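**Q** when you get a sec, could you give me coordinates for this:
(2 chains)
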Amino acid sequence: MLSLEQIVRDPETFLAALVRRGEDPPIDRILELDGRRKALIQEADTDRARRNNVSKAIGNEKRKPTPEEIAEMRETGDRIKTVEAELATVLEELNEILLPIPNTPLDDVPDGLDEESNVIIRTSEGDTSTHGNAHWDIAPALGILDLEAGASISGARFFVLKGKGAKLQRSLAAWMLDVQTEEHGYTEIDPPLLVRGETMTGSGNLPKFKDNLYRDDESDLWLVPTAEVALNGLHQGQIIDPDTLPLKYVAQTPSFRKEHTSAGRDVRGIKRVHQFEKVEMFRYVEPEGSEEVLEEMVGEATTLCERLGLTHRVLKLCAGDIGFQSAKTYDIEVWSPGSAEWLEVSSISTCTDFQTRRNGTRYRPKKGASTRLPHTLNGSGLALPRIWIAVIENGLQEDGSIEIPEVLIPYTGWSRIEAD
RNA sequence: GGAGGGGUGGCAGAGCGGUUGAAUGCGCUUGUCUUGAAAACAAGUAUGUCGGUAACGGCAUCGCAGGUUCGAAUCCUGUCCCCUCCGCCA
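**A** This is a model prediction of the structure:
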């Protein structure tokens, strides 16, 4: 959520920033509602102050209230209730307007409304040839992927990994977690996958994207579409101790997405599915220097691609293509020679104070100082079924077997996948 | 699922209708003392919001949402969470 205070103080700046991402927020209505809000608060506060004074006096004097006082205070009480009710409707409308407004892009985010305007920042050394053997052909042939079983059990966009295919995914996840915790200083978290609506609202997934989320009606819990949601909720409503920042968390969890909005896209194979594993990095940092931290996290993700020997590139997303809660995003894509395309395996964003304002995560820079909102950053490190695809398609040998990247061998216990 | 108990400030823990935003202790900050530290003593130490350049003042908040009352941390209702015992179970 954007800061109402800042919107009111400088509406033009916010409008201009949001127009860059193709938004047209009702600024005039916001300003009008805020004016009403302030007036109503003052009105109610004045009446409450009067009532408090009278009641306090009665208490001090240890006497019964006079009939006149009772009548007058009843009237005051009624007036307060009316004003409060009016205030509640104003606040509700403000919330309804503000909650679906996305974060404002930072100045260096490129202009543009769709992925055509994304900018390739750098491309690694490496092969970008194609061999035409997509994972949906070669992996089932090796007996490590069963798409029919996935469809039979759960329907379209579900899959089953088998044997060395399952072990490969587990090894990838374990290796990535180890790098993140042992080399990059992240603390491993194993969070709940079902979260409250408030937690989902805090991360920015609600109310706007409820159609893409799975939910259990009976218990009113939502399945996380990414570990980001849970990690963002880790400190909601808290004031973080001044000396604990930065906080660095990493979690491997499944991600559940309905993918309604992507119906018809990427229907073959396991590139876009309803349930997938992902290792997610998440940081809480002080606002100062948070953009440098974003660059650092891009480095932490690309390191993984490099060590897996995957050709990759980094994209800076344009204003219209960054996620709802993001102020700046880099995507990392790896080359997939079988399906002949770049696969997005990581999306790394700074959400500035957008999420912490939503969920009330604050910190106190110094003892006695007033609280501030830390910045949050998140990024995949990395997304599993896609990195699995890349490893399979890049490791394909002349004889149809798959060569596994060396870094994984301590985890897999073998270096090659071949037909039985 | 059944039966009880409880949710108060950074922590511990009082208060159960009237100057209570809240005793007391611990912790923390600052000051005095000291060569320095400790101890002792003194003062300060929640969050949010509205007004104000500020000093400061008003209002709200004792899990959350309602209700009763001139007045609620205190009474009533609902709800969430935690704990204990029983049952069930990975």
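**Q** which elements pack onto the helix ranked longest in chain A?
**A** Determined from DSSP state H, the single longest helix within chain A is helix A:27-60. Helix A:27-60 is packed against helix A:4-9, helix A:11-19, helix A:67-98, with contacts defined by 3 or more C-beta pairs under 8 Å, 6 or more residues apart in numbering; DSSP states H and E. C-beta here means a position set from N, CA and C on the backbone, and glycine is covered the same way.
**Q** following element in sequence after the longest one, please.
**A** Next helix or strand after helix A:67-98 toward the C-terminus (DSSP states H and E): strand A:119-123.
**Q** state the number of residues packed around A:Lys328.
**A** 23 (other C-beta atoms under 10 Å).
**Q** tell me what it is bridged to.
**A** Beta-bridge partners recorded for A:Lys328 (DSSP bridges): A:Thr350.
**Q** how far away is it from RNA strand B?
**A** 25 Å (C-beta to the nearest atom of the strand, to the nearest Å).
**Q** what is the neighbour count of the nearest residue to A:Gly269 once chain neighbours are set aside?
**A** Using C-beta to C-beta, 6 or more residues apart in numbering and skipping the chain neighbours, the partner closest in space to A:Gly269 is A:Trp136 (3.7 Å). The number of residues packed near A:Trp136 is 18, by other C-beta under 10 Å.
**Q** pull the CA atoms of the helix or strand where A:Trp136 lies into PDB?
**A** Following DSSP H and E, one finds A:Trp136 within helix A:135-142. Extracted in PDB, the C-alpha atoms of helix A:135-142 (Å, rounded to 0.1, in the frame of the first residue of the first chain):
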ATOM      1  CA  HIS A 135      11.800 -32.000 -21.800                       C
ATOM      2  CA  TRP A 136       8.300 -33.200 -22.400                       C
ATOM      3  CA  ASP A 137       9.700 -35.700 -24.900                       C
ATOM      4  CA  ILE A 138      13.000 -36.700 -23.400                       C
ATOM      5  CA  ALA A 139      12.100 -36.800 -19.700                       C
ATOM      6  CA  PRO A 140       9.100 -39.200 -20.100                       C
ATOM      7  CA  ALA A 141      11.300 -41.400 -22.400                       C
ATOM      8  CA  LEU A 142      13.800 -41.700 -19.500                       C
END
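**Q** contacts for that helix, please.
**A** Contact partners of helix A:135-142, identified using C-beta atoms under 8 Å, 6 or more residues apart in numbering, comprise A:145-147, A:164-165, A:268-270, A:336, A:338-339, A:388-389, A:392-393, A:396, A:400-402, A:417-419.
**Q** need the distance between the two termini of stretch A:108-119.
**A** Stretch A:108-119 has an end-to-end distance of 12 Å (C-alpha to C-alpha, to the nearest Å).
**Q** as a whole number, average confidence for that stretch?
**A** Taken as a whole, stretch A:108-119 has an average pLDDT of 95.
**Q** how about the residues of chain A by RNA strand B?
**A** By C-beta under 7 Å from any atom of the strand, the residues of chain A that approach RNA strand B are A:5, A:38, A:41-42, A:44-46, A:48-49, A:51-56, A:58-60, A:64-65, A:69-70, A:73-74, A:77, A:81, A:88, A:239, A:362, A:364, A:367-368, A:370-371.
**Q** now, which of the contacts of helix A:135-142 lie within helices?
**A** Residues of those located in helices (DSSP H): A:147, A:164-165, A:388-389, A:392-393.
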